[in-house]
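Chemist: starting from these lines, generate the structure:
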Amino acid sequence: MAKSESIRTLEEALEYVQIVKVCTLFSNKIAGLPSLWDAVDLPESGGGRTKWDARVEAIWAWKNELPETYPDEVFYGKISGGLAVLMSMDYLRDVHYPKAHQPISQCKDLAQKTFEIIRLDPGETAEIRATAMDRHGCSKSQVETTLKQLQITLNIARDNTPGISMDRWVPFQELYDGFLE
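Modeler: Next comes the predicted model:
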């Protein structure tokens with residue numbers, strides 16, 4: 001078992017998420033909600049792949065790699081307040097989904113319209129943003145807020161197909177067909 005403050009590998013990060021059930025990616029001030037940042041033990045200098053340090057590089061990569069590699073065990077998404085989190089699928093199914101899911105019909109008008117864009121043609125953030133701005137005359141900021149709302153309400157999720165470097169959004173139920181069964 002990976003001990004807190006000693007996580008250095010993807011497998012240890014998986015084990016951590018399974019133990020804590022839900023955690024933010026980076027340190028935050030939500031009482032009782034652990035962060036992966038506080039548990040990772042990698043140098044804060046010289047990551048190698050980017051201008052970021054090894055700790056930031058690992059966490060940023062793991063947010064995609066964990067759900068890609070272990071799609072039946074880990075979910076990446078956003079919670080109220082827009083915080084990015086990783087959570088175990090059991091926690092998502094048993095606790096988070098019943099509390100957080102909101103039918104698309106109860107979301108704001110722009111969220112419903114943006115969801116329809118995604119439902120008909122899942123795509124990357126930039127593509128969805130451009131389409132929504134063109135069709136609905138909204139701003140970049142409005143679309144970003146809308147995408148966050150759609151994630152928080154569990155109407156969309158990041159596509160877990162391995163090798164995708166940009167966030168590609170699909171309807172939650174398409175990705176997690178039969179999720180609640």
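Chemist: so Leu154 makes contact with Leu175?
Modeler: No: assessed by CB atoms under 8 Å, Leu154 is found out of contact with Leu175, at 10.5 Å. To be clear about C-beta, it is placed using only N, CA and C from the backbone, and glycine gets the same treatment.
Chemist: so what does the residue of the chain positioned farthest from its centre look like in phi/psi?
Modeler: Distance from the C-alpha centroid of the chain peaks at Gly137, with 26.9 Å (CA atoms, centre = their mean). Dihedral angles of Gly137 (phi, psi; degrees, to the nearest 10) stand at phi 60, psi 30.
Chemist: ok, now Gln102?
Modeler: Residue torsions, per degrees, to the nearest 10, at Gln102 are phi -130, psi 130.
Chemist: so what's the residue count around it?
Modeler: By the criterion of other CB atoms under 10 Å, Gln102 has 14 neighbours.
Chemist: swap in Gly123?
Modeler: 19.
Chemist: please apply the same query to Ala157.
Modeler: Neighbours of Ala157 (other CB under 10 Å): 21.
Chemist: identify the bridge partners of it.
Modeler: Counting by DSSP bridges, Ala157 forms beta bridges with Val170.
Chemist: low-scoring pLDDT stretches of the protein, where are they?
Modeler: 1-5, 44-51, 180-181 (pLDDT under 70).
Chemist: could you list the domains of it?
Modeler: 10-100, 101-181 (automatic domain parsing).
Chemist: strands of this protein, residue ranges please.
Modeler: Assigned by DSSP state E, the chain shows strands spanning 22-24, 74-79, 83-88, 123-124, 156-158, 168-171.
Chemist: return the distance of the last one from the chain's centre.
Modeler: Between the mean C-alpha point of strand 168-171 and the mean C-alpha point of its chain there is a distance of 11 Å (CA atoms, centre = their mean, to the nearest Å).
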